[in-house]
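Asks: Below: sequence and its predicted model.
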Amino acid sequence: MAEFLSLKEAVARHIHDGDTLAMEGFTHLIPFAAGHEIIRQGKRDLTLIRMTPDLVYDQLIGAGCAKKLIFSWGGNPGVGSLHRLRDAVEKSWPQPLEILEHSHAAMACAFEAGAAGLPLAVLRGYIGSDLPKVNDQIRFIECPFTGERLAAVPSIRPDVTVVHAQRADRQGNVLVEGIVGVQKEAVLAAKRSIVTVEEVVDDLGASVNACVLPSWAITAIAVSPRGAAPSYALGYYERDNAFYKRWDAIARDRDAFQSWLQENVFEEGAVS
């Protein structure tokens, strides 16, 4: 059952060095506040999983938190490359980073399989792709019923999943509205989960198309207003497009990145 904790305590208690960590949220509800707390606490040797590792993982990688990245697309949306990610892969700064690339479809299926407690996901895909040449986790099997050749990948079952959502009720149920992505599957697949929320309310006010994560599926809830900024939270604040543009210059230069980290993560977050 979900336990209400401060973000600092939730990260300290439930994310450990060497963990496999998924932080999901597609376009909006990206858990930046939790990512910054992980950096502040100096977590190390993490295997990061994310369908679209954008700025939050660029920051974690640049801060030296990660040893491996499992992903299906990486970039600064609408701007360009992730320069801290590239520096780690190409020049091993601040440390070497192993990468394992999948397609979006395979990642989504792998999360779904993990949520169902299955060891693998099966999909129609990768036929004619070069990814199986560089990713030994992609295999091909024959359907026992039709003889069709299908792709198979291991299910994703993280040690910890972190997501951001609009609100939680006092019983620990969480409402996710807007673009949902694979948050639900990522939480259900994980051994432990942390959900940051904008606020706690008496009634979730869920609409007919809402996604509610039940309290029994969540380990910890931390109230974190604007916890998804500079991405957006539907109904609470808009995406800071200007920051995504500024990030390109910040991340290109190691010194500029470290200065930004000191001023915006360590100093501003010291009391969180």
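Replies: Received the coordinates, thanks.

Asks: Quick check: nearest residue in space to the residue most central in space within the chain, chain neighbours excluded?
Replies: Among the residues of the chain, the one closest to the centroid is M23, at 1.8 Å (Cα atoms, centre = their mean). Residue nearest to M23 in three dimensions, not counting chain neighbours: V162, with 4.7 Å by Cβ to Cβ, 6 or more residues apart in numbering. C-beta: built from backbone N, CA, C; applies to glycine.

Asks: circling back: the residue nearest to the centre of the chain contacts L55, correct?
Replies: No - between M23 and L55 there is no contact under Cβ atoms under 8 Å: 11.5 Å.

Asks: Which neighbours do those two have in common?
Replies: Counting by Cβ atoms under 8 Å, 6 or more residues apart in numbering, the shared contacts of M23 and L55 are I30.

Asks: From D253, how far out is L204?
Replies: In this structure, L204 and D253 are 44 Å apart, going by Cβ to Cβ, to the nearest Å.

Asks: circling back: which SS state does the residue nearest to M23 fall under?
Replies: strand (DSSP: H, G, I helix; E, B strand; the rest coil).

Asks: can you check L118 too?
Replies: coil.

Asks: for S259, same thing?
Replies: helix.

Asks: burial of it, as a residue count?
Replies: When counting by other Cβ atoms under 10 Å, one arrives at 12 neighbours for S259.

Asks: now A116
Replies: 12.

Asks: For L204 and D253, indicate the residue with more neighbours.
Replies: It is L204, of L204 and D253, that has more neighbours when counted by other Cβ under 10 Å, with 18 against 13.

Asks: Was I right to think that one contacts D169?
Replies: Yes - in terms of Cβ under 8 Å, L204 counts as a neighbour of D169; the distance is 5.2 Å.

Asks: Residues that sit against both of those two, list them.
Replies: L175.

Asks: Please, where are all the helices along the chain?
Replies: 7-14, 32-40, 55-62, 83-91, 104-115, 131-134, 183-189, 241-252, 254-261 (DSSP state H).

Asks: Among those, show the one with the smallest mean pLDDT.
Replies: Mean pLDDT across the helices of the chain is lowest at helix 131-134; the value there is a mean of 94.

Asks: Can you list the buried residues in it?
Replies: L131 (16 or more other Cβ atoms under 10 Å).

Asks: Could you do stretch 201-215 as well?
Replies: Buried-residue list, stretch 201-215, by 16+ other Cβ under 10 Å: L204, V212, L213, S215.

Asks: Spit out the contact partners of S155.
Replies: Under the criterion of Cβ under 8 Å, 6+ apart, the neighbours of S155 are A110, F111, A113, G114, A116, L118, P119, L120, A121, A189.

Asks: Let's see that with 7 Å instead.
Replies: Going by Cβ atoms under 7 Å, 6 or more residues apart in numbering, S155 touches A110, A113, G114, L118, P119, L120, A121.

Asks: Include neighbour count and distance to G227 when you put the residues you listed into JSON lines, please.
Replies: What follows is these, written out as JSON lines (neighbours: other Cβ atoms under 10 Å; distance: Cβ to Cβ, whole Å):
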{"residue": "A110", "neighbour count": "29", "distance to G227": "26"}
{"residue": "A113", "neighbour count": "23", "distance to G227": "28"}
{"residue": "G114", "neighbour count": "24", "distance to G227": "24"}
{"residue": "L118", "neighbour count": "15", "distance to G227": "31"}
{"residue": "P119", "neighbour count": "10", "distance to G227": "33"}
{"residue": "L120", "neighbour count": "15", "distance to G227": "33"}
{"residue": "A121", "neighbour count": "22", "distance to G227": "30"}
